[in-house]
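Student: model this:
(chains A and B)
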Number of protein chains: 2
Amino acid sequence: MTNPIACLLIIGNEVLSGRTRDANLQFLATRLGELGIPLREVRVIPDVPETIIATVNEVRAKFDHVFTTGGIGPTHDDITSECIAAAFGVPWVVHEESRALMAEDYARRDPPVEMNAARLRMATLPEGAVPIRCSITSAPGFTMGNVHVMAGVPRIMQAMFEVIAPGLAGGVPVVSRTVHAVGVFEGNIAEALEAVQKRFPALDIGSYPFYRNHGAGGFSGGGVALVAKGTEPEAVDAAAEAITAMLRGMGAEPVEGEPPG
Amino acid sequence: MTNPIACLLIIGNEVLSGRTRDANLQFLATRLGELGIPLREVRVIPDVPETIIATVNEVRAKFDHVFTTGGIGPTHDDITSECIAAAFGVPWVVHEESRALMAEDYARRDPPVEMNAARLRMATLPEGAVPIRCSITSAPGFTMGNVHVMAGVPRIMQAMFEVIAPGLAGGVPVVSRTVHAVGVFEGNIAEALEAVQKRFPALDIGSYPFYRNHGAGGFSGGGVALVAKGTEPEAVDAAAEAITAMLRGMGAEPVEGEPPG
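Tutor: Next comes the predicted model:
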């Protein structure tokens, strides 16, 4: 079978300006890999309606699942929800059940929080959307078609994702093994590594140099991390063994897992 | 005048799989803002030739500058350079000056490093490309048209960027002021903040909640960070003053800069 594939849209001027460092990509990339829905593209786009609408329509046609983060709060720059409605060509309407749950929650607070027009926007969803309710906030995310709209705040995004994760039609989990070798240059192993890649065409064999700083003088040393990744655990194991043998053959001391201290 | 705009392509399976957390976006977003070349879109794409070629051709037509990170090392999964050549429809050829500089560098090492076929790939550039040489490595990045191709390793990427930065046709620097207020909910200020945005239509006024953890019990408290951003310093100052006055009017104690401790 072919795994379903995913796209992530990170919506927000604050990431593009450098003010905020995104903390959602790595979490979603990892979790989606575990679910067998590998992430194939990420876009970071600004809070501009035409851009959001056009991008959502482009990627929801190309990917099995689209996840969005950001822009579902109560302020004027939170425009993701109404843009999703526009992208799907449906009205953006108060979701009565969500409004009632939020009003209940706000009334229980001490002091009580007012359900004003700004907060009502957070209970306003594209018609037909299914709310995503998590334990952290009464303001919902939502799923519309294959588009899953989540908060930008990492804690809330993660909670929302775990609510929908069991219902996502996943594929075969992506597994990986990583072999590190200190003192090995990429340029010395490139040819042998390519031969391993050719032996295992269904896998992704990646090579990533790492660096170490020794003392105040800065850079000195490091090595390579070699990664075998795919949906066939036996092939991943066999490739990791082949990589280990290759490194030993060069006189290096391969170590699995984290870079050796 | 209208500022030129930029797009960043982060090329690499390792970011999409969650193995590596990108560390380049925030650096480039910040530096490009300072140079008056605001970053308007980021895409993270896999090491797939057709995807790289199509994406480069799409975004180089839409943006004044395109920056790429990743995929210019010596291993089989480093395919950015040859894909840029294909995108521009030019041959991918050994750049003699770069080859000579690299060979010199390798010969000087102790022990000397071999200029093998894998390393020669790093001296192979799209015909007509201008090499980007930095002090950290003799293997170059390059500029081809409006596409600036840099390493993925943050230290090297940053050095390469600073080499080309003085030559980029920049615009008016983007400046910002941030006002924090503890204990203020976004839902309570949304309407007043939107009024500030309407007074300063040329600026981006953003609202970002922040959270604090107190002790082992986890979340309790936080507030909002309100950001005024744009290319007109006087307007940014006036908007920051208006935001400060708005918060004081609600009984809050606004603080500029970092979130108050």
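Student: which residues of the stretch 51-200 of chain A score low on pLDDT?
Tutor: Low-confidence segments of the stretch 51-200 of chain A, defined by pLDDT under 70, are absent.
Student: Who are the contact partners of the residue lying closest to A:Thr137 once chain neighbours are set aside?
Tutor: Taking Cβ to Cβ, 6 or more residues apart in numbering or on different chains, and ignoring the residues beside it in sequence, A:Thr137 has A:Ile156 as its nearest neighbour in space, at 5.8 Å. From N, CA and C alone the C-beta is placed, and that goes for glycine too. Applying Cβ atoms under 8 Å, 6 or more residues apart in numbering or on different chains, one finds that A:Ile156 lies in contact with A:134, A:136-137, A:150.
Student: cool, and A:Gly12?
Tutor: With contacts defined as Cβ under 8 Å, 6+ apart, A:Gly12 is in contact with A:20, A:44, A:46-47, A:69-71, A:152.
Student: near chain B, from the residues you listed?
Tutor: On the criterion Cβ under 8 Å from any Cβ of the partner chain, A:20, A:44, A:46-47 are the entries of these that sit beside chain B.
Student: tell me, what residue is most central in chain A?
Tutor: In chain A, the C-alpha nearest the mean C-alpha coordinate belongs to A:Leu28, at 2.6 Å (Cα atoms, centre = their mean).
Student: Report the separation between it and chain B.
Tutor: Distance of A:Leu28 to chain B, computed by Cβ to the nearest Cβ, to the nearest Å: 8 Å.
Student: And the pLDDT at that residue?
Tutor: A:Leu28 carries a pLDDT score of 98 in this model.
Student: Which residues of the stretch 101-250 of chain A lie near chain B?
Tutor: Within the stretch 101-250 of chain A, the positions lying close to chain B (Cβ under 8 Å from any Cβ) are A:113-114, A:116-119, A:121-122, A:153, A:155, A:174, A:176, A:178, A:185-191, A:193-194, A:197, A:204-209, A:211, A:219, A:227, A:229.
Student: can you map out the helices along chain A?
Tutor: Counting by DSSP state H, the segments of chain A that form helices are A:13-16, A:25-34, A:49-62, A:80-88, A:96-108, A:117-121, A:154-164, A:186-199, A:233-249.
Student: Could you list the domains of chain A?
Tutor: Under automatic domain parsing, the residue ranges defining each domain of chain A are A:6-167, A:175-256.
Student: and those domains, which is most packed in?
Tutor: Ranked by mean neighbour count under mean count of other Cβ atoms under 10 Å in any protein chain shown, the domains of chain A are led by domain A:6-167, which reaches a mean of 20.
Student: Quick check: end-to-end length of that one?
Tutor: 15 Å (Cα to Cα, to the nearest Å).
Student: chain center to the top strand by length along chain A: distance?
Tutor: Longest among the strand segments of chain A by residue count, using DSSP state E, is strand A:219-230. For strand A:219-230, the separation from the chain centroid amounts to 23 Å (computed by Cα atoms, centre = their mean, to the nearest Å).
Student: how about A:Leu247, what does it touch?
Tutor: Residues counted as contacts of A:Leu247 (Cβ under 8 Å, 6+ apart) are A:179, A:181, A:184, A:189, A:226, A:253-254.
Student: next one: A:Met122
Tutor: A:Met122 makes contact with A:72-74, A:102, A:139-140, B:187, according to Cβ under 8 Å, 6+ apart.
Student: thinking again about what came up before, from B:Tyr211, how far off is the residue nearest to A:Thr137?
Tutor: Per Cβ to Cβ, to the nearest Å, A:Ile156 is found 9 Å from B:Tyr211.
Student: With A:Arg31 instead?
Tutor: Distance from A:Arg31 to B:Tyr211, counting by Cβ to Cβ: 21 Å.
Student: From B:Glu127, how far off is the residue nearest to A:Cys134 when sequence neighbours are not counted?
Tutor: Across the structure, with Cβ to Cβ, 6+ apart as the measure, the residue nearest A:Cys134 apart from its sequence neighbours is A:Ala159 (3.7 Å). In this structure, A:Ala159 and B:Glu127 are 52 Å apart, going by Cβ to Cβ.
Student: Check A:Gly73 too.
Tutor: With distances defined as Cβ to Cβ, the gap from A:Gly73 to B:Glu127 amounts to 49 Å.
Student: Return the residues in contact with whatever residue of the stretch 151-261 of chain A ends up closest to chain B.
Tutor: Of all residues in the stretch 151-261 of chain A, A:Ala190 sits closest to chain B, with a separation of 3.2 Å (Cβ to the nearest Cβ). With contacts defined as Cβ under 8 Å, 6+ apart, A:Ala190 is in contact with A:207, B:74-76, B:116-118, B:121.
Student: Noted, bye for now.
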